[in-house]
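**Student:** I would like the atomic coordinates for the input below:
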Amino acid sequence: MAPFCFRSRSLVPRRTVWGFVLTGVAFLLCVATRGPAGYALQQPNVQAPQAGGVAAGEPKFHLVRSVSGTKGSQRGDQYVIEDPRTVFYLPEDKQIIVYFEWEGPLGPHHLEGFWKDPEAKVVVISAFDYESKQKRFAGFWTLLLSGSMTPGVWALEAHVDGEVAGTHNFQIAVGPRPAAAAPSRHLLGPTEIYKLAVPAMVSIERLDAQHRRLGLGSGFVLEKDLIATSFENIQSASSLRVASASGSRLDFDSVLAWNRREDWALLKLATPASNSLATAKPNSWEVGDRCFSLDSPQQGGWTIVDAAITGTHTFSEVGDRLNLNVTLSRMASGSPLLNEYGEVIGLIVSSSLVPDLSSLAVLGEGGFQGYPGNLLGGGLTFGLGPQLAVPISVVQIPKPEATTTTLAELAKSSQFPESLVRNEDLLQGTVAKSVRRVGPQWEAVEQKFEFSRKDAQVSVLITWHGETKLKSSAFLKIYNIDNQLVGTAKAAKLNLSKGQLAYSAWTVDVGPLPQGTYRVDLVLGSDPVWRSFFRLVY
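**Tutor:** Next up, the predicted model:
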């Protein structure tokens, strides 16, 4: 999804009330499909207020966020409060800007700002009209301060079409701003974020024992001497080749910390880096916040991506995830998710939610390619659903005295699945509810990747086409999400002549298995040559 953009709707004429001035502005946040839109002033709409249809009694407008400060400005296609805070001091502070952002129905709307003093009395109402052409829109009111104002906790209560659509509280105090008060932080635009982040970025190649590339992903320097990346970017590797944006390269054969379910890993730098990214305070973000990341559509190049946090979810098997309104390339896995101050709030990860899914693909001259015969679906394939990120708060940074673990040790402890071995005789494989014979051929019945307890069984059908003469045996292994072997299916003999079409089929009882995601490997002789995944839901 493209970045949000703003359009000015209407500006209320300034009027003096008790020595302070009120103004109001509304913006439409619209989805730009061909680059950011311009900042265009439009004529006020004078139609009668009305709203889109929703069930009676349900709130029509959802408050995404509200922010206050003394300074605001247009930054590209966003309006931002430059010094967000909720305490203001007289006579030092001269104005207060309160910004609201909503989601609601399309059409003409009437906005009112009810300013309430410390006694909760409405002292003035500021209103204006606009017409929303997109679901998300925003507006702000400005309050010019004077010494005659009553100190205490004030509030701006926003109404849209007569409905209370949010209240923002702030405090007005008399006296100089305390020295201990947190200094205003400077919000960064996309250009500044890019210049800050790129020097800390790295690309990570996964290499096998023969130094062949298994995959390519991203990472970044965190807190001077750590490289953060996704677990996917270290999986099944014998070594890692890490290249910085400046072109320098380092080789790693060990990791400092990891979590395969949560999809993160940390590498330890022997020498602190000169460029690194700082971590934001835990839970300092909110749904609706603007954020940034770096995509890597090709090795060695980075592009800035302007995004927003659209939701959160806690998955039973893999933990917390942030939903984003963008789709990034596969090589962006491991990139940082940054707030508007350039601080890390998350780590970009795969949207598949299956830890071992990356073992199905290798990076060749034509890009990522799957092993022959792997048919996937049902939400298990790459790139389906919204882009996800792991909150950086879940990444556990070890103590300074912590030691590293080699990639070989990770493999021995079942953190990695076995690497697939290509077999040209394997034509196709699939997972289904059952299999049946139709004349000389076999076919899958109700191919799917999600099964319930009522199904009781999972069937696997493998189709072979002899490229060479093959005489061997094949059997299935079933693993849980933690790569632990939970079952095997008996071996089937395979005697294949060149040019011959043949089938192997298994039906596995999954009734005793608990709910979760499972991997099934086809082993030919002693080598895994095909794999797929399925879910059990009860």
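**Student:** only C-alpha atoms from now on, for both contacts and neighbour counts.
**Tutor:** Noted.
**Student:** all the helices of the chain, residue numbers only.
**Tutor:** Per DSSP state H, the chain carries helices over the ranges 190-197, 407-412.
**Student:** contacting residues for the residue lying closest to Trp442 once chain neighbours are set aside?
**Tutor:** Closest residue to Trp442 apart from its sequence neighbours, by CA to CA, 6 or more residues apart in numbering: Arg436 at 5.6 Å. Each residue near Arg436 by CA atoms under 8 Å, 6 or more residues apart in numbering is listed here: 442-445.
**Student:** which of these are buried? Put it as a ChimeraX command.
**Tutor:** In ChimeraX syntax, the buried subset of these is picked out as below (16 or more other CA atoms under 10 Å):
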select :442,443,444
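**Student:** of the helices of the chain, which is nearest Glu223?
**Tutor:** Closest to Glu223 of the helices of the chain is helix 190-197 (CA to CA; 13.0 Å).
**Student:** just how off-centre is the closest one within its chain?
**Tutor:** Put simply, helix 190-197 sits 19 Å off its chain's centre (CA atoms, centre = their mean, to the nearest Å).
**Student:** walk me through the domains of this protein.
**Tutor:** Using automatic domain parsing, the domain parsing of the chain gives 4-184, 193-351+386-412, 426-537.
**Student:** low-confidence regions, the stretch 1-150 of the chain specifically.
**Tutor:** Per-residue confidence for the stretch 1-150 of the chain (pLDDT under 70) gives these ranges: 1-57, 76-78.
**Student:** what residues does the residue nearest to Ser329 when sequence neighbours are not counted make contact with?
**Tutor:** Distances taken as CA to CA, 6+ apart put Pro297 closest to Ser329, at 5.9 Å, once the chain neighbours are dropped. For Pro297, the contacting residues are 303, 329, 331-332, by CA under 8 Å, 6+ apart.
**Student:** need those in TSV with distance to Trp506 and neighbour count, can you?
**Tutor:** As requested, the contacts of Pro297 are exported to TSV (distance: CA to CA, whole Å; neighbours: other CA atoms under 10 Å):
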residue	distance to Trp506	neighbour count
Thr303	47	13
Ser329	36	14
Met331	36	23
Ala332	38	27
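**Student:** between the contacts of Arg436, which is closest to Val349?
**Tutor:** Set against Val349, the nearest of those by CA to CA is Ala444 (32.9 Å).
**Student:** contacts only, for the closest one.
**Tutor:** Ala444 neighbours (CA under 8 Å, 6+ apart): 430-436, 461.
**Student:** check Thr70 too.
**Tutor:** 81-84, 93-97.
**Student:** how many residues are close by Thr314?
**Tutor:** Neighbour count for Thr314, taken as other CA atoms under 10 Å: 10.
**Student:** mind pulling up the pLDDT for the residue nearest to Ser329?
**Tutor:** In this prediction, Pro297 carries a pLDDT score of 75.
**Student:** can you check the one 4 residues further on too?
**Tutor:** The predicted local confidence for Gly301 comes out at a pLDDT of 82.
**Student:** go on, the one 5 residues further on?
**Tutor:** As predicted, Asp306 sits at a pLDDT of 90.
**Student:** wait, Met331 sits on Ser218?
**Tutor:** Yes - using CA atoms under 8 Å, Met331 is in contact with Ser218, at 6.2 Å.
**Student:** any common contacting residues for the two?
**Tutor:** Ser296.
**Student:** gap between Leu461 and Arg75?
**Tutor:** According to CA to CA, to the nearest Å, Leu461 and Arg75 sit 56 Å apart.
**Student:** and the two? Which one has more around it.
**Tutor:** Using other CA under 10 Å, the more surrounded residue of Leu461 and Arg75 is Leu461, with 23 against 13.
**Student:** redo the contacts of Ala444 as JSON lines? Include pLDDT and distance to Leu156.
**Tutor:** Putting those into JSON lines (pLDDT from 0 to 100; distance: CA to CA, whole Å) gives the following:
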{"residue": "Thr430", "pLDDT": "91", "distance to Leu156": "59"}
{"residue": "Val431", "pLDDT": "92", "distance to Leu156": "58"}
{"residue": "Ala432", "pLDDT": "93", "distance to Leu156": "58"}
{"residue": "Lys433", "pLDDT": "92", "distance to Leu156": "59"}
{"residue": "Ser434", "pLDDT": "92", "distance to Leu156": "62"}
{"residue": "Val435", "pLDDT": "93", "distance to Leu156": "65"}
{"residue": "Arg436", "pLDDT": "93", "distance to Leu156": "68"}
{"residue": "Leu461", "pLDDT": "94", "distance to Leu156": "64"}
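**Student:** what's the closest of the residues you listed to Val287?
**Tutor:** So of the contacts of Ala444, ranked by how close each gets to Val287 (CA to CA), first place is Val431, at 37.7 Å.
**Student:** residue contacts, Ala270?
**Tutor:** By CA under 8 Å, 6+ apart, the neighbours of Ala270 are Asp225.
**Student:** what lies in contact with stretch 486-498?
**Tutor:** 465-480, 502, 504, 506, 508.
**Student:** identify the bridge partners of the most centrally placed residue in the chain.
**Tutor:** Nearest to the mean C-alpha position of the chain, by CA atoms, centre = their mean, lies Leu388 at 2.4 Å. Leu388 forms beta bridges with Asn323, Val349, as assigned by DSSP bridges.
**Student:** which pLDDT value belongs to Gln515?
**Tutor:** The model reports Gln515 with a pLDDT of 91.
**Student:** neighbours of it, how many?
**Tutor:** Gln515: 15 surrounding residues under other CA under 10 Å.
**Student:** leaving out the residues flanking it, which one is nearest to it?
**Tutor:** That would be Leu536: by CA to CA, 6+ apart, it lies 4.9 Å from Gln515.
**Student:** tell me, how many residues neighbour the one you found?
**Tutor:** 20.
**Student:** Tyr503 now?
**Tutor:** The tally of other residues near Tyr503 (other CA under 10 Å) stands at 19.
**Student:** show me the contacts for the closest residue to it other than its chain neighbours.
**Tutor:** Among residues not flanking Tyr503 along the chain, Thr463 sits closest, at 4.7 Å (CA to CA, 6+ apart). By CA under 8 Å, 6+ apart, Thr463 lies in contact with 426-429, 501-504.
**Student:** closest one to Ile345 out of these, please.
**Tutor:** Lowest distance from Ile345 to these (CA to CA) belongs to Gly429, with 40.4 Å.
**Student:** so what's the nearest residue to Gln396 once chain neighbours are set aside up against?
**Tutor:** Excluding the flanking residues, the one nearest Gln396 by CA to CA, 6+ apart is Ala257, at 7.7 Å. By CA under 8 Å, 6+ apart, the contact list for Ala257 reads 265-267, 396-398, 404-405.
**Student:** swap the cut-off to 10 Å and go again
**Tutor:** Counting by CA atoms under 10 Å, 6 or more residues apart in numbering, Ala257 touches 228, 231, 264-268, 395-398, 402-405.
**Student:** then Val510?
**Tutor:** Residues in contact with Val510 (CA under 10 Å, 6+ apart) are 451-453, 455-458, 487, 536.
**Student:** next one: Asp356
**Tutor:** Contact partners of Asp356, counting by CA under 10 Å, 6+ apart, are 231-232, 235-236, 260-261, 415-418, 481-483, 518-519, 532-533.
**Student:** follow-up on the earlier one: what would the contacts of Pro297 look like in a markdown table with distance to Leu196?
**Tutor:** Supplementary listing: the contacts of Pro297 in a markdown table, determined by distance: CA to CA, whole Å:
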| residue | distance to Leu196 |
| --- | --- |
| Thr303 | 13 |
| Ser329 | 21 |
| Met331 | 20 |
| Ala332 | 17 |
